[in-house]
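**Student:** Give me a 3D structure for the following:
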Amino acid sequence: TSPGCNTFSFLPPPECPVFEPSWEEFADPFAFIHKIRPIAEQTGICKVRPPPDWQPPFACDVDKLHFTPRIQRLNELEAQTRVKLNFLDQIAKFWELQGCTLKIPHVERKILDLFQLNRVIAEEGGFDLVCKDRKWTKIATKMGFAPGKAVGSHIRAHYERILYPYNLFQTGASLLCLQKPDITSGTKDKEYKPHDIPQRQSVQLSETCPPARRAKRMRAEVGLTFHVLISKIVFLPRTMHRSKQGNDGTNPPSLTLAIFFVQVDLYVCLLCGSGNDEDRLLLCDGCDDSYHTFCLIPPLHDVPKGDWRCPQCLAQECNKPQEAFGFEQAARDYTLRTFGEMADAFKSDYFNMPVHMVPTELVEKEFWRLVSTIEEDVTVEYGADIASKEFGSGFPVRGGKIKLKPEEEEYLDSGWNLNNMPVMEQSVLAHITADICGMKLPWLYVGMCFSSFCWHIEDHWSYSINYLHWGEPKTWYGAPGYAAEQLEDVMKKLAPELFESQPDLLHQLVTIMNPNTLMSHGVPIYRTNQCAGEFVITFPRAYHSGFNQGFNFAEAVNFCTVDWLPLGRQCVEHYRLLNRYCVFSHDEMICRMAAKAETLDVVVASTVEKDMAIMIEDEKALREAVCKLGVTDLERVNLEILPDDERQCIKCKTTCYMSAVYCSCNPDLLACLYHVEDLCTCPAYKYKMGYRYTLDELYPMMNALKLRAESYNEWASNVNEALEAKVNNKKSLMNFKALIEESEMRKFPDNDLLRHLRLVTQDAEKCASVAQQLLNGKRQTRYDLLNRVEDFQKYSQKLLSEEIPSASEIQELLDVSFDFDVDLPQLSELRIRLEQAHWLEDVQHVCLDQNSLTLDDMRRLIDSGVGLAPHPAVEKAMAKLQELLTVSEHWDDKARTLIKARPRQSLSSLEAAVKEIEEIPAYLPNGIALKEAVKKARDWLQEVEGLQVGGRVPVLDTLVELVSRSRSIPVHLEYLPRLESLVAEVQTWKECASNTFLTDNSPYSLLEVLCPRCDIGTLGFKRKMKKLKEPVPNGKKKSTKLESLNDLERALSETRLKEMEALHSLRAANEKKIFSTEQDVEIKVCLCQSEPAAPMIQCELCRAVFHTSCVSVPRTLQEPRVWLCPHCHRSEKPPLEKILPLLASLQRIRVRLPEGDALRYMIERTVNWQHRAQQMLSSGNIKLIQDKVGSGILYSRWQTMAGQLQETSKVRFSLIRGAHQDINRYRSSGKVNGSAVHRLPQPIKRDERRNPRVGHDWT
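**Tutor:** Residues are numbered from 1 along each chain as shown. Below is the predicted model:
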């Protein structure tokens, strides 16, 4: 993240309400939304968490889904930042058209805000007044600079250099009196790259523009008219000018008037009036005026490339109105998989950590920082408004491609399935016949980190519901509906420039503003983080915006409840004032609902009737006004058969349905009755008004709604009368059943009144059944019944008198009461006590095992105990549970805080917390985790302290394991920094040693190079050849066998004696192979394992021979040199003086590792060898040394003879014998014989006698 993130501050708004419905509440989405509306509409948005088991399958066709996302440049989204960018683009364009590049200056180590500077000076009265009153220090203070340091003079210089010429152009003032500023003079200024926000969204200009036109003197234009020619003719008297000679060589006769063309300047500079310096004279591509390059402000050093504009055309160009802002479409088409890979890579790269580990608070703060800065341009992509009709919804639908399990079929008809919610009976959108994408059909949204949805309200001020199927959270901000106009006013006040060019800006979903800015101006803002599996509901006219925390997949749709209808009509009136298109006709929807009034819900019918009354009154007044204008020709038309875009008002764009006016001069144009005068210029009597219904037809439709609503009122009155009737006026059971049947037939709402009627009817039916049974003699006699009832009452009284009665005894007593068919007064109290007894036994059972008593258990018991009737035992148990829950939650939260604390807490403080937690008789998950962390910390410290006992040197593997374990222990460990430092020092030492010994791309590890060779021999070579041929994966060294100290000690003790023996045997075998005289033996040499063929070279150590084309050999062999084959050249062979500091630094670290022990052993061997070499050199027996060293031979004779002789056993024998004679002759003479043999070994130099090169290759 940027360093600016540390200085930028963002205060998150308060959280919106979060609702967690029970399964019973969740069953009816519209009833639940109606229930929470009084609370949720106060914040504009709310979050709903479904029950945990509600998990619909993801049904979208992932393989088929592909989309082209929108491109979002973050700092262009924020309103105030976009105003600044537009201003800077205008300034940059102004100077660019004059051949200069805008560079934004720095003042006091921060970029100068040119937009704020321009605004502050304008508020203070302008440049001249600020200079006159010497307000530059005040200007600097208002811009946030500290007083002093001559900041005011610097700001004045920058304003005068960059902004003053622009403002003068804007006002049209003369520029002749200005000094010619050099806007590129600042060496530390930051070059500004224009955003060109409106132009970027239109057609791009060609990059190969022709060079600017340069004015030419004395040129004859083809289109020159006669009047122009006459203006260039000078009439002279006869006595002043004559022609010198005629065409025939004679003197011409005298003329009374001579016509003579004078050479004049066709183009002159409009500033200096001169036509000189024609190579510096520019011709404007806008108006053809000409200017010298050095007369312009600022002056141009060269003729500019491309089009050039003069000062007057420049002012016109800069004052052109801006185009509407919108989002570009990306050039690439994505699938869900490719978009997810791109989104995850962006987020992890940006925050430099795995995507799931980035805190939501950090992303939120960084988002608002990025949208408010002009210095950083971050671009993201958002797959928004993807039609589910084309690619399939994320929810399962009937006829979908996904195959559902039997238990998943319930989601097909769920009210929370976004495909069902808009068209359910309770949603008035169900009465719109058209399938409106985004409103009735869900839209899909695929987001990435920082992709955002800007401040907006839903179409027609409807409700919206958004479900996050999967992925990272989505952060929401909302403002309640009553603050909508307040939010609009604040945004218009703070960014008026945007609304001047785009009045309906907030309807375009392209502009956001920082919630902190809105809150500082009194707008109530609320927020929430929507996680996967959660709904967010927005309420009518509630502005909302937000952004995505990362890669996710969401789905959204609109719905409208009956309470929305008045707001819907108010929204249409609002759209009419803004000249904004409607998504559907509100009047058409109302008429469709009125046409089927008998099937409407009574509450819906009542609300529609009120809305229709308003519609009829408005329509009546409008038709009367149109008639007064002179429109008398009327006809019935069915406007609904026309597409919506063909029945829109020419003025306000409202969709016409009830009526419209049109003219025969252009029948395709319509006007609503509000804008008849805007239709055309024809007189009103030529207009014709089309209507859908007459007023006489509308009133019966409204009355049908009224009768439907009143039928419920009449039914409700009859129900209340029946329920409240006294003894003498009681209704029969048949009357109660008839009222229930009427409610079902007329589809009255299932409210409390209807539920009470059903309950009373059920009780009456039960009483009637019992009475009938008694009359039929199918029960006991009255005497036996009374005796049993008396016994029941005595026993029940005994149980009720006990403080904590047994639940089983109460249940048995109630079971006995079922045989009485009599409603006894003790039954209700017994049922209450039964609930209390069950609850108390549940509490007692759960509290028996303290280790299993969880916080959820306590919350469940308290929630279930709240609804119980008051009783001392219940209240006592509730108080104890509540106290225990409070203490448990406190310590569990404290334990979680201690675990996550940064910096980590000390062991002593955590031990004290664990001691307190152990006293709590409950299972605390965070407390258990804290206890385990303390135990791990103790064990870890004990192991570290054990390493220090007896002065032992710790082993590296043990230290690495301790450091690795410490990372998972959330405790401050005082030894950890020292251990980490030791491990880091050892790793640094190993890297240094590796760089010293290992060759580039070496297949060996450092330990293999330092240890004696344990793989010498034929099998070892075959293994190495395979290792050399195999590519090293990811450039990593292959692991070695010698990993532990035990392995190292074994290797040093077992192989140091066998190494020389194995090497001697290998050398003897290789020499025997070369000089073998057996004719039928096939000789295989070199890495390629083919027959010998000159030229070849011999390894000085193992005596094997190799083709020079298969191995790397020195190009020049002027001096004798030692050559080692790839098997023997294991290390860089550094000098001893370079190795000793490595050993010394390792001893200072005081950590034991295998490589260190191997290095000590190797140095000991090197020193011993050096001692023996000095003794041999001091003896003077050089010939013995040469015999020990041996020779390397190139068999060039093989090369010359191989091409002449055929490969037979006889030829091969002659080659080997000739080579053997060459070697003997060479050894006797000690020099090279022609080109047949190259002598490679060289004498040991004087400095190498003292500091031999170290490495086991030299054994």
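**Student:** dump the residue contacts of the residue most central in space within the chain.
**Tutor:** With distances taken as Cα atoms, centre = their mean, the residue of the chain nearest its centroid is Cys449 (0.7 Å). Cys449 is in contact with 343, 346-347, 350, 355, 363, 380, 472, 548-551, counting by Cβ atoms under 8 Å, 6 or more residues apart in numbering. Where C-beta positions appear, they are placed from N, C-alpha and C, glycine not excepted.
**Student:** got it, and Ser909?
**Tutor:** Ser909 neighbours (Cβ under 8 Å, 6+ apart): Leu898.
**Student:** For Met658, give its distance to Glu646.
**Tutor:** 16 Å (Cβ to Cβ, to the nearest Å).
**Student:** Tell me which stretches of the stretch 351-500 of the chain form helices.
**Tutor:** Remark: helices assigned in the stretch 351-500 of the chain by DSSP state H, counting those that start in this stretch are 360-371, 388-391, 484-494, 496-501.
**Student:** ok so, going back, more neighbours, Met658 and Glu646?
**Tutor:** Met658 (23 against 13; other Cβ atoms under 10 Å).
**Student:** Could you measure from the more buried one over to Gly630?
**Tutor:** 20 Å.
**Student:** before we move on, what about Cys272?
**Tutor:** Counting by Cβ to Cβ, the gap from Cys272 to Gly630 is 65 Å.
**Student:** Now the weakest link among the helices of the stretch 351-500 of the chain, please, by mean pLDDT.
**Tutor:** With a mean of 70, helix 496-501 has the lowest mean pLDDT of the helices of the stretch 351-500 of the chain.
**Student:** C-terminal to that helix, what's the next element?
**Tutor:** helix 515-520 (DSSP states H and E).
**Student:** after that next one, next one along is what?
**Tutor:** From helix 515-520, the next helix or strand downstream (DSSP H and E) is strand 526-530.
**Student:** partner strands of the following helix or strand past that next one, parallel or antiparallel?
**Tutor:** The helix or strand immediately downstream of strand 526-530 is strand 535-538, counting by DSSP H and E. Strand 535-538 has its sheet partners listed here by DSSP bridges as strand 45-48 (antiparallel), strand 463-471 (antiparallel).
**Student:** and Leu669, that's in a helix?
**Tutor:** No - counting by DSSP: H, G, I helix; E, B strand; the rest coil, Leu669 falls outside a helix, being strand.
**Student:** Which parts of stretch 648-666 count as buried, going by neighbours?
**Tutor:** Neighbour counts over stretch 648-666 (16 or more other Cβ atoms under 10 Å) mark 648-663 as buried.
**Student:** got it, and stretch 146-153?
**Tutor:** So stretch 146-153, judged by 16+ other Cβ under 10 Å, has buried residues 151-152.
**Student:** Can you give me the end-to-end span of it?
**Tutor:** With Cα to Cα, to the nearest Å as the measure, stretch 146-153 spans 13 Å from end to end.
**Student:** any idea how far the closest residue to Lys936 other than its chain neighbours lies from His890?
**Tutor:** If the residues on either side of it in the chain are set aside, Lys936 comes closest to Ile969, at 4.9 Å by Cβ to Cβ, 6 or more residues apart in numbering. Taking Cβ to Cβ as the measure, Ile969 falls 24 Å from His890.
**Student:** which one of these two has more residues nearby?
**Tutor:** Ile969 (20 against 11).
**Student:** sec struct for that one, please.
**Tutor:** Ile969 is classified as coil under three-state DSSP.
**Student:** does it really touch Ala937, like I thought?
**Tutor:** Yes - Ile969 is in contact with Ala937 according to Cβ atoms under 8 Å; the separation is 5.3 Å.
**Student:** which residues touch Glu472?
**Tutor:** Counted by Cβ under 8 Å, 6+ apart, Glu472 has contacts 355-356, 449, 548-552.
**Student:** one more time with 7 Å, if that's ok
**Tutor:** 548-552 (Cβ atoms under 7 Å, 6 or more residues apart in numbering).
**Student:** Quick check: the farthest pair among those?
**Tutor:** Gln549 and Phe551 (9.1 Å; Cβ to Cβ).
**Student:** Quick check on these two: which one has the bigger neighbour count.
**Tutor:** Gln549 (28 against 23).
**Student:** quick one: the more buried one and Gly471 touch, right?
**Tutor:** No - with contact defined as Cβ atoms under 7 Å, Gln549 does not reach Gly471; the gap is 8.6 Å.
**Student:** give me every residue that touches the residue nearest to Gln329 when sequence neighbours are not counted.
**Tutor:** Nearest residue to Gln329 in three dimensions, chain neighbours excluded: Thr68, at 5.4 Å (Cβ to Cβ, 6+ apart). Contact partners of Thr68, counting by Cβ under 7 Å, 6+ apart, are 329-330, 333.
**Student:** And Ala330, by the same measure?
**Tutor:** So Ala330 contacts 68-69, 71, 381 (Cβ under 7 Å, 6+ apart).
**Student:** could you measure Ala807 against Leu814, distance?
**Tutor:** To Leu814, Ala807 is 11 Å away according to Cβ to Cβ.
**Student:** what's the overlap in contacts for these two?
**Tutor:** Joint contacts of Ala807 and Leu814 (Cβ under 7 Å, 6+ apart) are Leu834.
**Student:** looking at the strands paired with strand 535-538, which is buried most?
**Tutor:** strand 45-48 (a mean of 24; mean count of other Cβ atoms under 10 Å).
**Student:** Now do that one: everything it contacts.
**Tutor:** With Cβ under 7 Å, 6+ apart, strand 45-48 has contacts from 16-19, 21, 36, 40, 476, 478, 526, 528, 530, 534-538, 542, 544.
**Student:** ok now stretch 653-666, how far from the chain's centre?
**Tutor:** 47 Å (Cα atoms, centre = their mean, to the nearest Å).
**Student:** Between the two ends of that stretch, what distance do you get?
**Tutor:** In stretch 653-666, first residue to last residue: 17 Å (Cα to Cα).
**Student:** What of stretch 561-568?
**Tutor:** Start-to-end, stretch 561-568 (Cα to Cα) is 11 Å.
**Student:** Now Ala625. Nearest residue, chain neighbours left out?
**Tutor:** Leu673 (7.2 Å).
**Student:** Distance of Asn420 relative to Val397?
**Tutor:** From Asn420 to Val397 the distance is 9 Å (Cβ to Cβ).
**Student:** For the two, indicate the residue with more neighbours.
**Tutor:** In this view Asn420 and Val397 are compared by other Cβ under 10 Å, and Asn420 has more residues nearby, 19 against 16.
**Student:** What does the pLDDT read for that one?
**Tutor:** For Asn420, the predicted pLDDT is 90.
**Student:** repeat for Arg332
**Tutor:** The model's pLDDT for Arg332 equals 86.
**Student:** what does Gly1192 give?
**Tutor:** Residue-level pLDDT assigned to Gly1192 equals 40.
**Student:** Do a quick rundown of the helices in the stretch 801-950 of the chain.
**Tutor:** Using DSSP H, counting those that start in this stretch, helices in the stretch 801-950 of the chain cover 807-817, 825-848, 855-866, 872-900, 907-918, 925-947.
**Student:** And the ones you listed: which comes nearest His154?
**Tutor:** By Cβ to Cβ (comparing all of these), the closest turns out to be helix 872-900, at 47.8 Å.
**Student:** average pLDDT across the closest one?
**Tutor:** 86.
**Student:** what's it packed up against?
**Tutor:** If contacts are counted by 3 or more Cβ pairs under 7 Å, 6 or more residues apart in numbering; DSSP states H and E, helix 872-900 sits against helix 825-848, helix 855-866, helix 907-918, helix 925-947.
**Student:** With adjacent residues omitted, what lies nearest to Pro903?
**Tutor:** Of all residues not flanking Pro903 in the chain, His972 sits nearest, at 6.6 Å (Cβ to Cβ, 6+ apart).
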